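Asker: please work out how this folds:
(chains A and B)
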Amino acid sequence: MKAVVTVMPKPAILDPAGVATGRAMEHLGLKGVRSVRIGKSIEIEVDGATEAQLHEIAHDLLSNPVVEDYKLQIIS
Amino acid sequence: MAATLSPVMKAAVIQFPGSNCDTDCEAALKSFPGVEAAIVWHKETSLAGYDAIVLPGGFSYGDYLRCGSIARFSPIMGAVRDAANAGVLVIGICNGFQILCEAGLLPGTLQRNTGLLFRCEHRHLRVENTATPFTSVLHKGQVLDIPIAHGEGNYFADPETLRQIEENGQVVLRYCDASGNVTPEANPNGSLGNIAGICSHGRNVFGLMPHPERVCDPLLGGTDGRGIFQSMIEAVQKAKA
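Answerer: Numbering: from 1, shown residues only, chains lettered A, B, ... in the order given. Next up, the predicted model:
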């Protein structure tokens, strides 16, 4: 099984790294930057796992539910 | 005959791969007469017989994924959780605080500093609550000078959790200026409410970003950290009496 877990800061959470990166984009001449949010993408290849198990791992280990949301995508 | 006396406090300092304040904590604890301190490797599974558990600072697992997120699943953490639930004193300093939050033993989380800088400097802290086993020898409003050293010390909790910990007196330390005023300028990392340290609802689990173990010897520039360890010793003594 192949899966991708995408972890993003919750919308209400300030992302200082995203803000700094957005400023760098403006320095490089990109106009009108409204928002930059930085998350993580985690690719998993695993044998014999269930989708429920992957949700558990994504919730307990890969993301911190206090400040982050995750999305689980089963690729194959 | 001192060797035959039981220790006034027996403390375990948990060593994770990447801990780097473990021996500082051990030395600080041992500077108190009658205190025994042992380094306990994170793959151990028992903490029987210890009066206090220290989760030291550092970069457990290289801060991979999130600070403390992998250490919280170390084998020793089952014993830490059991001890915390049984009322044993647990203190997490810096990375140890992050691990306690990740483990759910303390509410909220520590995010990246708002200024993005790794802040390594002395800071003033105001003691907000002295009715805890970690601050009982201090006085309310006392200003401590204790260094910080972190890139992810920006305390965050959702509004409801924040309201609860404020109402329950779980906010133990706040960043302040030299006169004890809690101001935005005195906040080094963007922490909500200038929070530098919180305790659990039961008071026996304490997490703080500043490093009290680094100011326990006049040779190292201060002794303002000693009150926290002294409070723990008194709490243990009281429980044993």
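
Asker: for A:E45, see how far away whatever residue of chain B ends up closest to chain A is.
Answerer: Using Cβ to the nearest Cβ, the closest approach of chain B to chain A is made by B:T109 at 4.5 Å. The way it works is simple: take the backbone N, C-alpha and C, and place the C-beta from them, glycine included. According to Cβ to Cβ, to the nearest Å, B:T109 stands 29 Å off from A:E45.

Asker: repeat that for B:P107.
Answerer: Going from B:P107 to A:E45 by Cβ to Cβ gives 35 Å.

Asker: tell me the contacts of the closest residue to B:R174 other than its chain neighbours?
Answerer: Once flanking residues are discounted, B:R174 sits nearest to B:N194: 4.3 Å by Cβ to Cβ, 6 or more residues apart in numbering or on different chains. Listed by Cβ atoms under 8 Å, 6 or more residues apart in numbering or on different chains, the contact set of B:N194 reads B:174-176, B:182-183, B:186-187.

Asker: out of B:P107 and A:E45, which sits in the busier spot?
Answerer: Between B:P107 and A:E45, B:P107 has the larger neighbour count (other Cβ atoms under 10 Å in any protein chain shown), namely 21 against 10.

Asker: that one touches B:I198, doesn't it?
Answerer: Yes - here B:P107 reaches B:I198: they are 7.3 Å apart, a contact under Cβ atoms under 8 Å.

Asker: list residues touching both of the two?
Answerer: B:165, B:170.

Asker: the residue in chain A that chain B sits nearest to: how many residues sit nearby?
Answerer: Closest residue of chain A to chain B, Cβ to the nearest Cβ: A:V66 (4.5 Å). The number of residues packed near A:V66 is 19, by other Cβ under 10 Å.

Asker: chain neighbours aside, what residue packs nearest to it?
Answerer: Excluding the flanking residues, the one nearest A:V66 by Cβ to Cβ, 6+ apart is B:T109, at 4.5 Å.

Asker: for the one you found, grab the count of nearby residues.
Answerer: B:T109 has 23 nearby residues by other Cβ under 10 Å.

Asker: who's in contact with it?
Answerer: Counting by Cβ under 8 Å, 6+ apart, B:T109 touches A:64, A:66-67, B:98, B:101-102, B:155-157.

Asker: can you add distance to A:P16, secondary structure and pLDDT and give those residues back as JSON lines?
Answerer: As requested, the contacts of B:T109 are exported to JSON lines (distance: Cβ to Cβ, whole Å; DSSP: H, G, I helix; E, B strand; the rest coil; pLDDT from 0 to 100):
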{"residue": "A:N64", "distance to A:P16": "16", "secondary structure": "coil", "pLDDT": "96"}
{"residue": "A:V66", "distance to A:P16": "16", "secondary structure": "coil", "pLDDT": "94"}
{"residue": "A:V67", "distance to A:P16": "12", "secondary structure": "coil", "pLDDT": "95"}
{"residue": "B:Q98", "distance to A:P16": "17", "secondary structure": "helix", "pLDDT": "98"}
{"residue": "B:C101", "distance to A:P16": "18", "secondary structure": "helix", "pLDDT": "98"}
{"residue": "B:E102", "distance to A:P16": "20", "secondary structure": "helix", "pLDDT": "97"}
{"residue": "B:Y155", "distance to A:P16": "14", "secondary structure": "strand", "pLDDT": "98"}
{"residue": "B:F156", "distance to A:P16": "12", "secondary structure": "strand", "pLDDT": "96"}
{"residue": "B:A157", "distance to A:P16": "17", "secondary structure": "coil", "pLDDT": "96"}
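
Asker: export stretch B:219-235 as PDB, just CAs?
Answerer: Only the C-alpha atoms of stretch B:219-235 are listed here, as PDB (Å, rounded to 0.1, in the frame of the first residue of the first chain):
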ATOM      1  CA  LEU B 219      30.000  29.700  39.300                       C
ATOM      2  CA  LEU B 220      27.500  29.500  36.500                       C
ATOM      3  CA  GLY B 221      26.200  33.000  37.000                       C
ATOM      4  CA  GLY B 222      23.200  32.500  39.300                       C
ATOM      5  CA  THR B 223      21.300  30.300  41.700                       C
ATOM      6  CA  ASP B 224      17.700  31.300  40.900                       C
ATOM      7  CA  GLY B 225      17.000  27.700  39.600                       C
ATOM      8  CA  ARG B 226      17.600  26.200  43.000                       C
ATOM      9  CA  GLY B 227      14.200  27.100  44.500                       C
ATOM     10  CA  ILE B 228      12.400  24.800  42.000                       C
ATOM     11  CA  PHE B 229      14.500  21.800  43.000                       C
ATOM     12  CA  GLN B 230      14.300  22.700  46.700                       C
ATOM     13  CA  SER B 231      10.500  22.900  46.400                       C
ATOM     14  CA  MET B 232      10.500  19.400  44.900                       C
ATOM     15  CA  ILE B 233      12.700  18.000  47.800                       C
ATOM     16  CA  GLU B 234      10.400  19.600  50.400                       C
ATOM     17  CA  ALA B 235       7.300  18.100  48.600                       C
END
